[in-house]
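In: Sequence first, then the predicted structure:
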Amino acid sequence: MSDLLYDSDEEALRDTVRALLAAHAPWQRTLARLDDGEPYDAALWTRLVDQLGVTGLAVPVEYGGAGAGFREVAVVLEELGRAVAPVPFLGVVVATRALLACGERELLGQLATGERDVALAVCLATAPDAAPRPVTVAPGPVLTGTVTGVADALAGDVLLVPAGDGLYAVNAADRGVRLTPVVSLDATRPLADVAFTGAPARLVAAGPMAARAVSAALTAGAALLASEQVGLAQWCLDATVAHVRDRRQFGRPIGSFQAVKHRLADLWVEITEARAVARHAADRLAAGHPEASLAAALAQAYCAPVAVRAAEVCVQLHGGLGFTWEHPAHLYLKRAKSAAVAFGTTDRHRAALARLVDLPAPAEVPDRAD
Amino acid sequence: MSDLLYDSDEEALRDTVRALLAAHAPWQRTLARLDDGEPYDAALWTRLVDQLGVTGLAVPVEYGGAGAGFREVAVVLEELGRAVAPVPFLGVVVATRALLACGERELLGQLATGERDVALAVCLATAPDAAPRPVTVAPGPVLTGTVTGVADALAGDVLLVPAGDGLYAVNAADRGVRLTPVVSLDATRPLADVAFTGAPARLVAAGPMAARAVSAALTAGAALLASEQVGLAQWCLDATVAHVRDRRQFGRPIGSFQAVKHRLADLWVEITEARAVARHAADRLAAGHPEASLAAALAQAYCAPVAVRAAEVCVQLHGGLGFTWEHPAHLYLKRAKSAAVAFGTTDRHRAALARLVDLPAPAEVPDRAD
Amino acid sequence: MSEHTADQLRGLVAAFLRTHDPRGDRVGFLRARFDAGLAWVHHPPGHGGLGAPPQLQAVTDAAFAEAGAPDNRPRRNSIGLGMAAPTLLRHATEAQCRRWLRPLWTGEEVWCQLFSEPDAGSDLASLRTRAVRDGADWVVDGQKVWTSMAHEARWAILLARTDPAAAKHRGITYFVCDMTAPGVQVRPLRQLTGEAEFNEVFLTGVRVPDDQRVGAVGEGWQIARTTLMNERVAIGGRPLPREGGMVGVLARLWRERPELRTAGLHEEVLRSWVRAEAARLAALRLRQLVAAGQPGPEGSAVKLSFAELSQRISGLEVELLGAEGLRYDDWTMRRPTEPDLLGRTATFRYLRARGNSIEGGTSEILRTVIAERVLGLPAEPRVDK
Amino acid sequence: MSEHTADQLRGLVAAFLRTHDPRGDRVGFLRARFDAGLAWVHHPPGHGGLGAPPQLQAVTDAAFAEAGAPDNRPRRNSIGLGMAAPTLLRHATEAQCRRWLRPLWTGEEVWCQLFSEPDAGSDLASLRTRAVRDGADWVVDGQKVWTSMAHEARWAILLARTDPAAAKHRGITYFVCDMTAPGVQVRPLRQLTGEAEFNEVFLTGVRVPDDQRVGAVGEGWQIARTTLMNERVAIGGRPLPREGGMVGVLARLWRERPELRTAGLHEEVLRSWVRAEAARLAALRLRQLVAAGQPGPEGSAVKLSFAELSQRISGLEVELLGAEGLRYDDWTMRRPTEPDLLGRTATFRYLRARGNSIEGGTSEILRTVIAERVLGLPAEPRVDK
């Protein structure tokens, strides 16, 4: 039975991260960055890495990490979701899982200490069970091809690239690599199209191990994104509750109107369930449990729409205010909707569950009987 | 463009039917019949046939009918739905459509005058595009086989039976026919399992004409059932509105609580749309329009769940009272849920729409990429 | 109602076209059409109409369109045509109608609406903008918000409080405000789409002549209710062919991009298609009811469904697009003068659609209106008199 | 909290089993188990417990079950075990506890609840049943409704108004009523399933001795709130394995009947499976919180979801069955003593599930409770003092 609670270390970690984000990443600052066209908050990221060591959490001690685990990573992601913080942590975590699957000590060590950031060069929309491989390998080895919509690549020093039947490490600064920023729906998680034109590469894993590493990385992404979604949803609920308690219409707080109350009560129920589901996914992932994939698919199938709904309710119950650029609600809405596409949409995760829990699709599409 | 309104003749017909039902089919009487185990209200049916000539509405004048049409039939069904009246009108209408497709003058004439009731021996759950044929034909011709869950068969003098590649008429009183009443979810529309053991039959139509007749009959059933569903839903809304205006809790009418109001407002919106959809289906059917099948599939895809939701809301907002046997809400709930299965569930109608409006299903179920 | 028939109207249009070249001067043509009573055919003669039944408007417009005549670019002046004109016709003086209706209809003068205020929200009647009588003028001070087209508009319909001592709904008066008058300041209001489709309008000592007052002092709230009802019909009342709305974009995407299809999304697409078609038929039935002289409350249903559907369908489109649904086209602050939903990305449509359940009456308010006015459910206990 | 550990409790059970044959006299065995403090292990000694931490109950029950010991048939006495016992432990006198808890736990005496009234509904505090003091007794008159097990019960927990002049929530007192007393009349109340699972109970001049009063006069409402909270946990708090609830029936049907499968229903089955699993994990998390001494308000979420899911899943099952979903098993008026959801038709489950959002607090009331007590949203204006 998985442990769905937060232990005291995890609560302490949460407090630390939350305090740091409150001090250094208020939403006003994030919003201002959008207008300035500077996606990442590099200073914030440095603090998170240097002061809190977030990149080392899931890296074993013998590789230079903190040897905590993915449950702790999930707690950090909850807080980053709560703050829509513009840092590349999710991408680093996904790359970490890939490197762990390959036993890649050197990069893991550099990543753990923050010496180098690593990103997996796969489109953010890719589901764990369906990784297209648009990049080809020529002797050298050198890589050629384009991967679109890669998250957290702009901050990466090293790109992990699935190509041919291997997984390769490429130096992002190489002139055979061109990163083109994308106008992203969620500007707080900027995307890039990555073009390789004969970029020199180093083989990290080959054959089935490479495939397993990519799949494990995307599964981890799906599982852990759920915690970010829970944090995001909780912020939306909290902000909306605060607003409707305060805002008066027709001589009463709008939070005293029953339809508003019931809507928020329903949202609270959904978030309560989403938290259990996300903790379950993190716990299964951390334990390397055989049902980690199942828990990850469940997590995305359930938590992604909860986060979207929370953000939509937040916009709606803030009325005109929530529709403006100056209010932070839209940052959460864009993150939530974008996250619902990340690592595959909910229908793909339900289809994965159908296979994993033996609820098969109809054998064939029935033909018309005429 | 179809005419979605009710003309003055239709309104007059509605008034007449409603007055007759109010006088002779109050729900208390229908409920009492359930306890007495007498499904049909034969006396009520006689009045509807003899006084109002409902069975002749869709039969052309030259065949002995009133030559009105399916739009008028739909108005009668709205009222019958509103009263959950236990009469076999829907079954007769379905049979009428089959006979019209075959040009079967004699039976149409008898049906129009009420001399004989006719029922199509197909399971009520059958969708228009999928008619199984469990009955076989031997020379004579005589029929053998069992059709389960036939609606309105218990009241039928003549059964129209799809068998082999033809459509046959069988005398229900023949000793080669055995009707076994089924314990139906909707006791106001009793079902029977019909077993044929070498029952003598008369060929009504053969080959493609027979197939078309059955399909047209089931399409008509799907299209017209929507009007019954609209009438039912409207009763549920009206009854609930009356109840919540009256019933007081916490010192106020419960109809003044916002969540109750909004729920009923949403239901009103759905019924408003369902009425337009049902009128469209009736109009297309009456006109023999090429898109009659499309309109029928839309009608069931939209109106069936609206009726179910209306009945469910009616039970819920009546509180404990709506959960009792003594309150009529359950008659409507059972009719609505049963009607949602009749002529195929909504997913089958959506699948039919997908073909009719060119929104094809994915070519194949995607395989897992591992 | 006069005795006009569709054939007569087609005849009148044909006669008009014999003497007016539809390919000549655009504004001149539109002015002449107004003067001939062929603008709003149900208006009385002299105000752009012939006193004809309203359902003949479609016949008239179709006859002009067939002949290749220019239209009055209705999307650029939707507040003027949808809200101001019907209110003026019903509540303004003969002189006011003569001054404003013709250039409004021809599009020479664009109108906007100064109703909403930052602190009032859905509780419109709690507005605070004040108008104080000063000789032949009123002096107006206050702040308005959510004003589309304010930066293009010549005139505004304006609600201001003229009697702060009166009960909330009683002390409000309805004016027409000159948007070029001194003291009117328009600032763009940026939305979550990045665009600034709306404006904030600051009114500082703006002088509005008393002859720009519409209706009696203190009757503004009642008059505004007419306007708001017109807005609802204006939003929901356009006739659509099947797949004519946002669902058409989704259906085309499904048809043209087989590689995006999944079984789960198929079910969603079909459900959305069914709901959109039901909403379309309900809107069509509403038009038929109006044409038959039986206007009902169905307009509120149409507006509610429209908001829900546009949100649902655009959200689904983003998911169907997958990787492409992670992208946006442009975050710079544009100043659109017409909504351009279909020309932009699915993600734009998704974001813009969030406003559909807020603007022109929130969905929450609409549900309450339906419950109380259509279903006759009792009002909540009021604590604000 | 005492220092008991799981191992110690397993040891105590093993020791008990050495001296008590689990295959011997059932009632005798249960009485002895109670007296040994191994009934409710968190109760104080003398009341069936040892003062152990509540999470050790599961360990204890498991140890007895392994040994093949009889249980106390908890489903037959859910009101007694889930509501009466916790309330008595907290609010009753020592003498009352000694009198009632033991036969309650062994199942020798079944309990029911006399709270709901026909006119009160969700507004329980508006109840009208009156208790008037008469010497050492109270004389009770009134009508109760929705009483499950009343026809089997020996005792009832009863709310009655003892001070009609006091404010609504203040004039109510909590009693234990002898269901065999003169003046107690039980009539079956038939539901839409055809069954009469519940009863109406008429109380006519029923004498309740004052020593059957629980808590002080006028404090019944506060005490009842404890009871109601216990009911919510009792309904939602059972631990379920994956697919342990109604979703398991649906999943098995899907697996065993491939001919029923359609693409549209597949999507629905998967969505229901996901929601059921999420609700199950939330219930599990709630149990872990309780076990860790951090009971939260999640019980209300569990009850709300349970009602919604059971309704949705049973409705889906009917549709999946198609032709078979048109059928029912039996409309005769049965008198069940235990819920038998899984042994009957899908249509029975569908109908019975409608009650899940009404009984034990309607879903509407639960949402209001969550909004006000968990989220801290302001109450509505009250018009009933």
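Out: Nice, I can see it.
In: biggest helix in the chain by residues?
Out: If you meant another chain, say so; for now it's chain A. As assigned by DSSP state H, the longest helix anywhere in chain A is helix A:207-246.
In: oops, I was thinking of chain C
Out: With secondary structure taken from DSSP H, chain C has its longest helix at helix C:263-291.
In: so where is the chain shaky, pLDDT-wise?
Out: By default, I'm working from chain A. Counting by pLDDT under 70, chain A contains low-confidence ranges at A:131, A:364-370.
In: you looked at the wrong chain, it should be chain C
Out: C:1-3, C:227-238, C:384-385.
In: biggest strand in it, by residue count?
Out: Criterion DSSP state E: the longest strand present in chain C is strand C:198-209.
In: Next, the buried residues of that one.
Out: Applying a neighbour-count criterion of 16 or more other CB atoms under 10 Å in any protein chain shown, one finds C:198, C:199, C:200, C:201, C:202, C:203, C:206, C:207, C:208 buried in strand C:198-209. Placement of C-beta: from N, CA and C, glycine included.
In: Phi and psi next, for the residue nearest to residue C:107 when sequence neighbours are not counted.
Out: Once flanking residues are discounted, residue C:107 sits nearest to residue C:72: 4.6 Å by CB to CB, 6 or more residues apart in numbering or on different chains. Backbone dihedrals for residue C:72, given as degrees, to the nearest 10, come out at phi -90, psi 20.
In: quick one: which two of the buried residues of strand C:198-209 are the most distant?
Out: Spatial extent of those (CB to CB) is set by the pair C:198 and C:207 at 25.2 Å.
In: Could you export the buried residues of strand C:198-209 to TSV, including columns for distance to chain A?
Out: Formatted as TSV, the entries for the buried residues of strand C:198-209 read as follows, by distance: CB to the nearest CB, whole Å:
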residue	distance to chain A
C:198	9
C:199	12
C:200	10
C:201	14
C:202	17
C:203	18
C:206	23
C:207	28
C:208	25
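In: picking that back up, can you tell me the strand partners of the longest strand of chain C and which way each runs?
Out: Using DSSP bridges, the neighbouring strands of strand C:198-209 in the sheet come out as strand C:137-144 (antiparallel), strand C:184-189 (antiparallel).
In: contacts for the longest one?
Out: Under the criterion CB atoms under 8 Å, 6 or more residues apart in numbering or on different chains, residues C:114-118, C:127-132, C:158, C:160, C:162, C:173, C:175, C:177, C:183, C:200-210, C:213 lie in contact with strand C:137-144.
In: quick one on the thing from earlier: which ones are touching the residue nearest to residue C:107?
Out: C:30, C:39, C:81, C:105, C:106, C:107.
In: Nearest to residue A:245 among the residues you listed?
Out: The nearest member of those to residue A:245, counting by CB to CB, is residue C:81 at 40.6 Å.
In: The closest one contacts residue C:106, doesn't it?
Out: No. In terms of CB atoms under 8 Å, residue C:81 does not count as a neighbour of residue C:106; the distance is 10.9 Å.
In: Which residues are in contact with whichever residue of chain C sits closest to chain B?
Out: Minimum separation of chain C from chain B (CB to the nearest CB) falls at residue C:371, amounting to 3.5 Å. Taking CB under 8 Å, 6+ apart, we find residue C:371 in contact with B:255, B:261, B:262, B:264, B:265, C:377.
In: and the first one, how many neighbours does it have?
Out: What that stands for is residue B:255. If you count neighbours by other CB atoms under 10 Å in any protein chain shown, residue B:255 ends up with 25.
In: Over to the last one?
Out: Here the neighbour count serves as a burial measure; for residue C:377 (other CB under 10 Å) it reads 24.
In: surely it meets residue B:241?
Out: Yes. Under the contact definition of CB under 8 Å, residue C:377 touches residue B:241, with a separation of 6.7 Å.
In: about what we covered before: ok, the contacts of residue C:72 vs residue C:248, which is closest?
Out: Nearest to residue C:248 among these is residue C:81, at 24.5 Å by CB to CB.
In: Distance check, that closest one against residue C:75.
Out: 9 Å (CB to CB, to the nearest Å).
In: Of the two, which one has the most company?
Out: The residue with more neighbours, out of residue C:81 and residue C:75, is residue C:81; 22 against 11, by other CB under 10 Å.
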